[in-house]
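Undergrad: Structure for this input, please:
(2 chains)
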Amino acid sequence: MKLRGLFSAVIAIATGLIMLVGYFVELPILVNLRITILNWVIILAAVALFLGLFNLLAVHTDKIRSKEKGGIYSLILIFSLLTTLILGLWLRPDHALMALIFKAIQLPVETSLMAMLAVTLMYASIRLLRRRNNLISVIFLVTALLILLGTVPLPFVGNVPILGDLIRPFIVQVLAAAGARGILIGVALGSLTTGLRVLFGADRPYGSDPSRGGK
Amino acid sequence: MNWVGLAGFGLVILSAILMAGLAFLRRKSTPAFREIPAFARLRKAIGQAVEEGSRLHISLGRGGLTTPQSAAELAGLEMLRRLSELTAASDRPPVATSGDGAVTILSQDALLASGQAALSTGYNATPARLTGLTPFSYAAGVLPVMQDENLSANVLMGNFGVEVALLTDTAERGNTSTLAGSDNLTAQAILYASAQDPLIGEELYAAGAYLKARPFHSASLTVQDILRWLIVIGILVGALLKLAGVL
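TA: Residues are numbered from 1 along each chain as shown, chains lettered A, B, ... in the order given. Predicted coordinates for the structure are as follows:
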């Protein structure tokens, strides 16, 4: 078992190094290797997606079999999944009926969930002061309010003059942009070090980790 | 290779050398970190899960491993593995949800590799679940897990968008604590307003260091700090040169 963990780590690290060096150094052999590995990855990702569908089926079949709460929804999900899959394989995804299924079912359902978000977020902002009653929370809420008032025309008033022309652009283009760039630099540095930890084998999101006594 | 590519490659090599060197130097010392309340509360939730026989829910978001968001997914997977190891003695294994096939397979692998006692007795064959492939179908699939699985805490770590508000709201209604972090800026703003313990910016990637503090994890935080200072100096020098009319 330990040997298997070591073997998978060696393959993962070697592949990661080839991809990394191939991205920066344009040697034909490295570029070709990189493209080949990328093609393999695309195929494997498609296979993983198919396995994921089996996982979804297994979870919901278990729910129905064990008569868990909400089993009827699992039954509807399995029926819809299989119907769409069979129709998609038979008619092909660009068929008018497939487009209709997407436009008439998937799109409205997702849009209604999006609409629910407006209420959820408003409720969350009301609760924010109860949860974290500090200066930052007050600034957060006041900023959100100023941006809303500066963006949406008010009934009978229209656009609020100074708010829409001066304050909102200043917040969005100066303060928010500077803060967002700072956070994005942090995220980029975090991504870099996470990638390096995987390359060093310190993080192993695959197989077992013999150093931790994994099985 | 153009100069931008060369600079990028140089940055990666410099980071790798720094990380390896610092990890070697710190292999025997215990690192000290600034306190992040979210991780302290998570440790409590882990203890509660083991004692009460409740479950932890780790949601890995809907990002894939072949997308630019893969680092957030890797951080989430590492968190899952660590939490799974810490709750190995529990009667009920953690449940992991994701929106990508490859991430689902890896999360199943992480749960099985951690030596979960409950999994080896066949308690639950599907602790890792693919819940949906689009943002809202993913969220809709996660909601029943949050409502029905007797959870003690939710850990949302990975790539989320605005749909994360639906998850944090459900967690709040279920009276379960939520530690949440995303690499997406909009999701971070939403999490600040709606999650009990939001992780902002690079805190998402520091979870490994806070939960296990192995030399490479503490070294990676120091490397981030060094690089951040280099970038700050670079920005200031650039601004001064621009002001002086050199650039």
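
Undergrad: quick one, what contacts the nearest residue to residue A:50 once chain neighbours are set aside?
TA: With sequence-adjacent residues excluded and distances taken as C-beta to C-beta, 6 or more residues apart in numbering or on different chains, residue A:50 is closest to residue B:101, at 7.1 Å. To be clear about C-beta, it is placed using only N, CA and C from the backbone, and glycine gets the same treatment. Residue B:101 makes contact with A:45, A:47, A:48, A:49, A:50, A:51, A:52, A:53, B:130, according to C-beta atoms under 8 Å, 6 or more residues apart in numbering or on different chains.

Undergrad: among those residues, which are in strands?
TA: residue B:130 (DSSP state E).

Undergrad: quick one: pLDDT of residue B:124?
TA: Looking at residue B:124, its pLDDT is 57.

Undergrad: quick one: secondary structure of the residue of chain A positioned farthest from its centre?
TA: In chain A, the residue that sits farthest from the middle, by C-alpha atoms, centre = their mean, is residue A:156; the gap is 40.4 Å. Three-state call for residue A:156 (DSSP: H, G, I helix; E, B strand; the rest coil): coil.

Undergrad: Please identify the buried residues of stretch B:87-107?
TA: B:87-88, B:90, B:92-107 (16 or more other C-beta atoms under 10 Å in any protein chain shown).

Undergrad: What segments of the chain are helices?
TA: Picking chain A for this. A:2-24, A:28-65, A:71-91, A:96-101, A:107-131, A:135-151, A:161-162, A:168-170, A:177-200 (DSSP state H).

Undergrad: actually it's chain B I care about, not the one you picked
TA: Using DSSP H, helices in chain B cover B:3-25, B:37-52, B:70-86, B:101-113, B:117-120, B:135-148, B:164-173, B:185-194, B:207-211, B:215-243.

Undergrad: Least reliable of those helices by average pLDDT, please.
TA: Across the helices of chain B, helix B:117-120 gives the lowest mean pLDDT, at a mean of 58.

Undergrad: I'd like the distance from stretch A:68-86 to the chain centre, please.
TA: Per C-alpha atoms, centre = their mean, to the nearest Å, the displacement of stretch A:68-86 from the mean C-alpha position of its chain is 24 Å.

Undergrad: So it, near chain B or not?
TA: Yes: using C-beta under 8 Å from any C-beta of the partner chain, stretch A:68-86 reaches chain B at A:68, A:69, A:70, A:73.

Undergrad: Please identify the buried residues of that stretch?
TA: For stretch A:68-86, by 16+ other C-beta under 10 Å, it's A:74, A:77, A:78, A:84.

Undergrad: tally of neighbours for residue 46?
TA: Reading this off chain A. Residues near residue A:46, counting by other C-beta atoms under 10 Å in any protein chain shown, number 12.

Undergrad: my bad, chain B
TA: Considering only other C-beta under 10 Å, residue B:46 is surrounded by 21 other residues.
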